[in-house]
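*Asks:* Model the following, please.
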Amino acid sequence: MEQYTGKSILEKIAIGKVYIYKKKESSVRREHVDDVDAEIRRFETAKTVAIDQLNRICRKALKEVGKDNTAIFEAHRMILEDREFADSVCRIIREQNVNAEYAATMTGDHFSAIFAGMDDEYMKARAADVKDISERLVSVLRGRETDTVLCGRETNVVLRSRETDKDSPVSVLCGRETGTGSTVSVLRGRKADTDSTGEPVILMADDLTPSETVQLDKSKILAFVTRHGSPNSHTAILARAMNIPAVIGIDIRDGWNGKTAIVDGYTGQVTIDPDPAYLEAMTDKMQSDANKQKLLKELKGKETVTKSGRRIRLYANIGGVKDIAAVLQNDGEGIGLFRSEFLYLESDDFPSEEKQFQVYKTVAESMPGKKVIIRTLDIGADKQADYFGLEKEDNPAMGYRAIRICLDRPEILRTQLRAILRAGACGNISVMFPMIISVQEVLECKRILAEVKAELKSEGIAYRDAEVGIMIETPAAVWISGELAREVDFFSIGTNDLTQYTLAIDRLNTKLDHIYDPHHPAILRAIQTVIENGHKGGARVGICGELGADTTLTETFVRMGIDELSVSPSFILPVRDAVRKLE
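*Replies:* The predicted structure is shown next:
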């Protein structure tokens, strides 16, 4: 029995035979071309074919993972259609007289390196998406198979290939290879290395692109394990949406092919050739999980209330409209944290008032009658957008970020507040300001909010007044929470930043993982202090950081007097279950 530990993507267990998928290695050669105009036409044709492929993938994703997760491939398509990307490819072709394959690869590498060099883990994970796009282009240009993952259809597109200088078919062979007896032709129509009975497998690979992941036939995949990847990648997001257990960071060996393996999504452990006792124990645990999931579904529609009648508001954290489906699916009671900065991170320029209004309005209308708390822009630190023109800082987590930027550049805040107040006329919206360290900051935010209300009223634009809250995520805010409570309607404790600031530990520094302790007595005492001071000042108190989903602390938080918990959608029902079991 061999055991290896990586990073888990989904807390679930899978047991089955290993199937190792190896992508076809291919290097892109730099070739001189005389007719650059013809080469650019080749690129434009390939781009059209690639966009058509992504449209088909979007349709499949809609069936497999829901509308919210098709945004991944719509984003891929938008990059392909983006003039900056296309101009870069064409410029390289013209200036260097090179083939389109080489130009597409160089452009993909350039954009990928930009994302990979960002501090924000979410943005860093986008590097894999750009590589996926450039590889798709190269595959089309070469006339090679691209979408060959059990879709049950075949599409042929004719495109002139530089390698043969003939019209060669781009066969998109989506389905099992006939007559091979292979386990699965799960990817690119490949034949498995060993014959099998056709039972589902644990797929192992160096890495999987988002398009490969969404095209997996879920009936034939128990789990997947990769050597590379990120918990924040679109591949990981899709794995969660498809409810496929996955572990990344495992040094996969060729000799594992065909062997029995166990993927433990709780611990990130992968076991090869488990001994009988361990296999029996994990089989029992897998069955127990299945029973637990069945019970959790029975909690939909029920109140989040203790046995003694104490009610806790249980909300969800989201990053955009795409997450609403998961909130509704898991019976969220509202939105406790809308991270509005993703609107800015996904834009090439400051999003207009109208664009923001439409997004906030959609969220409010999707949650009729339910609370929606929108956190104003929290950019800076590990979340960067080039058009803000922010300078590089030695200590960005404690630097020019969030409310500090918004109060220094109030036109940004005014635009966002106008959009929020207007959207409030369509639902129950509250506004929340992040990274507060003083009463003066709160007063300034309220002053700007009052001016925006007056502007809207004078312009005859419909709006609704909003409750005002603040994030408690700095030690300074904890110790003056009594004074702050008198100025706002509610607090939301951001335990992620509060923990790193209190312990003086960068939560993204893996070297410090062994001492990063969100259960530290200092953190729990800080939370208790905020709850007590908030209630004395007439403010509701909630938690929106990851600690809110920690069911080992649910009883502690309820005992402290917490009013609200806001968690990722997938944690809503487990937290409700934990609350309902309390006396």
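*Asks:* Share the number of residues neighbouring Asn243, please.
*Replies:* By other CB atoms under 10 Å, 12 other residues sit near Asn243. Where C-beta positions appear, they are placed from N, C-alpha and C, glycine not excepted.
*Asks:* I'd say it and Lys12 touch.
*Replies:* Yes. Applying CB atoms under 8 Å, one finds Asn243 in contact with Lys12, separated by 7.2 Å.
*Asks:* Now for Arg83, how many residues are close by?
*Replies:* There are 8 residues near Arg83, going by other CB under 10 Å.
*Asks:* gap between Gln549 and Pro574?
*Replies:* No, residue 549 isn't Gln; it's Ala. From Ala549 across to Pro574, the span is 8 Å (CB to CB, to the nearest Å).
*Asks:* same deal with Asp217?
*Replies:* Asp217 sits 29 Å away from Pro574, going by CB to CB.
*Asks:* how deep is the closest residue to Gly548 other than its chain neighbours tucked in, by neighbour count?
*Replies:* Leaving aside its sequence neighbours, Gly548 sits nearest to Leu565 (CB to CB, 6 or more residues apart in numbering; 4.4 Å). For Leu565, the neighbour count with other CB under 10 Å is 28.
*Asks:* repeat for the one 4 residues further on
*Replies:* Close neighbours of Pro569, defined as other CB under 10 Å, add up to 19.
*Asks:* Isn't it up against Ala326?
*Replies:* Yes. Taking CB under 8 Å as the definition, Pro569 is a contact partner of Ala326 at 3.8 Å.
*Asks:* Now for the two: what residues contact both?
*Replies:* Counting by CB atoms under 8 Å, 6 or more residues apart in numbering, the residues touching both Pro569 and Ala326 are Ala316.
*Asks:* Give the full set of residues in contact with Gly460.
*Replies:* By CB under 8 Å, 6+ apart, Gly460 has no neighbours at all.
*Asks:* that's a strand at it, yeah?
*Replies:* No. Under DSSP: H, G, I helix; E, B strand; the rest coil, Gly460 falls outside any strand and is assigned coil.
*Asks:* Report the separation between it and Gly534.
*Replies:* Distance from Gly460 to Gly534, by CB to CB: 37 Å.
*Asks:* same check, this time on Ala462
*Replies:* Applying CB to CB to Ala462 and Gly534 gives a distance of 32 Å.
*Asks:* go on, Gly117?
*Replies:* To Gly534, Gly117 is 40 Å away according to CB to CB.
*Asks:* neighbour count winner among the two?
*Replies:* With neighbours defined as other CB under 10 Å, Gly117 and Gly534 compare such that Gly534 has more, 25 against 10.
*Asks:* tell me which element the more buried one is part of?
*Replies:* helix 521-536 (DSSP states H and E).
*Asks:* again, but for Val49
*Replies:* helix 36-65.
*Asks:* Just confirm Ala86 contacts Lys47, I think it does.
*Replies:* Yes. Here Ala86 lies in contact with Lys47, judged by CB under 8 Å, at a distance of 6.9 Å.
*Asks:* what kind of secondary structure is Pro574 in?
*Replies:* Pro574 is classified as helix under three-state DSSP.
*Asks:* check contacts around it.
*Replies:* Applying CB under 8 Å, 6+ apart to Pro574 gives the contacts 296, 549, 551.
*Asks:* so how far is Phe571 from the last one?
*Replies:* The spacing between Thr551 and Phe571, counted by CB to CB, is 8 Å.
*Asks:* Neighbour count: those two, which is higher?
*Replies:* Legend: neighbour count by other CB under 10 Å for Thr551 and Phe571, higher for Phe571 (21 against 15).
*Asks:* Ile405 contacts Pro396, correct?
*Replies:* No. Assessed by CB under 8 Å, Ile405 is found out of contact with Pro396, at 11.8 Å.
*Asks:* Tell me which of the two has more neighbours.
*Replies:* More neighbours surround Ile405 than the other of Ile405 and Pro396, with 20 against 17 (other CB under 10 Å).
*Asks:* now the end-to-end length of stretch 29-39.
*Replies:* 15 Å (CA to CA, to the nearest Å).
*Asks:* hmm, who's touching that stretch?
*Replies:* Residues outside stretch 29-39 that contact it (CB under 8 Å, 6+ apart): 93-94, 97-102, 162.
*Asks:* Let me have those residues in TSV, extended by neighbour count and pLDDT.
*Replies:* Formatted as TSV, the contacts of stretch 29-39 follow (neighbours: other CB atoms under 10 Å; pLDDT from 0 to 100):
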residue	neighbour count	pLDDT
Ile93	23	93
Arg94	14	92
Asn97	14	93
Val98	19	93
Asn99	23	92
Ala100	29	91
Glu101	26	91
Tyr102	21	91
Arg162	16	41
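*Asks:* what is in contact with Ala86 and Lys47 at once?
*Replies:* Leu80.
*Asks:* Between these two, point out the one with more neighbours.
*Replies:* Per other CB under 10 Å, whichever of Ala86 and Lys47 has more neighbours is Lys47, with 21 against 18.
*Asks:* Pull the contacting residues for Ile324.
*Replies:* 68, 318, 362-363, 366-367.
*Asks:* Also Arg227?
*Replies:* Residues near Arg227 by CB under 8 Å, 6+ apart: 205-207, 248-252.
*Asks:* mind redoing it with 7 Å?
*Replies:* Contacts for Arg227 (CB atoms under 7 Å, 6 or more residues apart in numbering) come out as 206-207, 250-252.
*Asks:* Where neighbours are concerned, which of these has the most?
*Replies:* Ile250 (22 neighbours).
*Asks:* That one falls within a strand, correct?
*Replies:* No. Secondary structure of Ile250 (three-state DSSP): coil, not part of a strand.
*Asks:* all helices for the stretch 201-350 of the chain, in order.
*Replies:* Secondary structure of the stretch 201-350 of the chain (DSSP state H, counting those that start in this stretch): helices at 210-214, 234-241, 276-297, 324-329, 341-345.
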